[in-house]
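Engineer: how would this look folded up:
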Amino acid sequence: MIATMNESYLAVNRANWDERAPAHAASPDYALDRFVADPAFLSDVVRFDVPRLGDVAGLRGVHLQCHIGTDTISLARLGASMTGLDFSPASLAEGRKLAAAAGTDVAFVESDLYGALDVLPAAAFDLVFTGIGALCWLPDIRRWAAVVAGLLEPGGRLFLREGHPVLWSIDDQRTDDLVIRFPHVEIPEPTVWDEGGTYVESDVEFVRTESHDWNHGLGEIVTALLDEGLTLTQLVEHDSVPWNALPGRMERIEPFGEWRLTDRPERLPHSYTLQAVKR
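Structural biologist: Next up is the predicted model:
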């Protein structure tokens, strides 16, 4: 259900994520118990992209918008020296608890995305990682690209896997067809939501139900990176996504626990992987 915007998007979204972080940590979908039990366990999101990530051992990496840190910890287990950054103190608290329990050395830093260079050193990272469901919380993709460029040292790499902007634009309430309802490209005004649930299994009844988000077209994302001095090295579109984005119309597929449109999935780009290198 769409609501009326009445607060700063950062305050609204931070409250939303702060409330959901403990529920996400408790959900079997995030599999925190497996991280603790198995020192080689990796998140499904990172496992999916291991062939494209390549060898990250020894890289200085920062995971932007890291949430509770499961992907951050997974990259550290692959050998990278990782820092996770997020604007939600509750999410970072869960990430720190998990890293300690799992015996994985990760630094977690609190900041909104646009303030990253105020709390992290400039041009100090070989790898900037951004995972699924991150860019939609940002109103300005050009400012994001400037932060990425500012964090990377020359020759450093951005690795991004995200939900596809076409998927984000689909009406998820319709079950009879694929219908474009929401913006495909960035506009100043957010889409404002009032939703009581969350994207993982949980029986928690949430109070902070409002959130604000934006879509960004692939052309906008690529152009922003090019304008900041990065060279595009990979862009792959996938027919699966790590969550049930269109309930009632998707099936779960293995081996990574991804979701794909049941009927003719080739009609819809579900997600994409993008890599770019700072010149």
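Engineer: neighbouring strands for the strand ranked longest in the chain, and are they parallel or not?
Structural biologist: Secondary structure of the chain per DSSP state E: the longest strand is strand 152-163. Sheet pairing of strand 152-163 (DSSP bridges) gives strand 125-130 (parallel), strand 271-278 (antiparallel).
Engineer: buried ones in that strand?
Structural biologist: 152, 156, 157, 158, 159, 160, 161, 162, 163 (16 or more other C-beta atoms under 10 Å). Using the backbone N, CA and C atoms, a C-beta is placed for each residue, glycine as well.
Engineer: and of those residues, the nearest to residue 251?
Structural biologist: residue 163 (17.3 Å; C-beta to C-beta).
Engineer: circling back: export only the CA atoms of the very next helix or strand once past the longest strand of the chain, formatted as CSV.
Structural biologist: Moving toward the C-terminus from strand 152-163, the next helix or strand (DSSP states H and E) is helix 165-169. Presented in CSV, the C-alpha positions along helix 165-169 are these (Å, rounded to 0.1, in the frame of the first residue of the first chain):
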residue,chain,number,x,y,z
PRO,A,165,15.1,-1.8,-12.7
VAL,A,166,12.5,-3.5,-14.9
LEU,A,167,11.7,-5.9,-12.0
TRP,A,168,11.4,-3.0,-9.6
SER,A,169,8.9,-1.3,-11.9
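Engineer: show me what helix 165-169 is in contact with.
Structural biologist: 136, 180-185, 215-218, 241, 245, 268-271 (C-beta atoms under 8 Å, 6 or more residues apart in numbering).
Engineer: tell me the predicted confidence for the closest residue to residue 253 other than its chain neighbours.
Structural biologist: With sequence-adjacent residues excluded and distances taken as C-beta to C-beta, 6 or more residues apart in numbering, residue 253 is closest to residue 260, at 5.3 Å. Predicted confidence (pLDDT) for residue 260: 98.
Engineer: same check, this time on residue 7
Structural biologist: Taking residue 7 on its own, its pLDDT is 51.
Engineer: repeat for residue 2
Structural biologist: Reported pLDDT for residue 2: 40.
Engineer: how about stretch 74-89: buried residues?
Structural biologist: Buried, per 16+ other C-beta under 10 Å, within stretch 74-89: 74-78, 80-88.
Engineer: err, stretch 164-180, not the other one
Structural biologist: In stretch 164-180, counting by 16+ other C-beta under 10 Å, buried: 164, 165, 166, 167, 168, 169, 170, 172, 178.
Engineer: now render these as a markdown table, adding distance to residue 225.
Structural biologist: Shown next, in a markdown table, are the buried residues of stretch 164-180 (distance: C-beta to C-beta, whole Å):
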| residue | distance to residue 225 |
| --- | --- |
| 164 | 17 |
| 165 | 15 |
| 166 | 19 |
| 167 | 20 |
| 168 | 19 |
| 169 | 21 |
| 170 | 25 |
| 172 | 28 |
| 178 | 28 |
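Engineer: in contact with residue 205, which residues?
Structural biologist: Residue 205 neighbours (C-beta under 8 Å, 6+ apart): residue 196.
Engineer: ok, it to residue 193 distance?
Structural biologist: From residue 205 across to residue 193, the span is 17 Å (C-beta to C-beta, to the nearest Å).
Engineer: before we move on, the earlier item: which SSE is the residue nearest to residue 253 in?
Structural biologist: strand 258-261.
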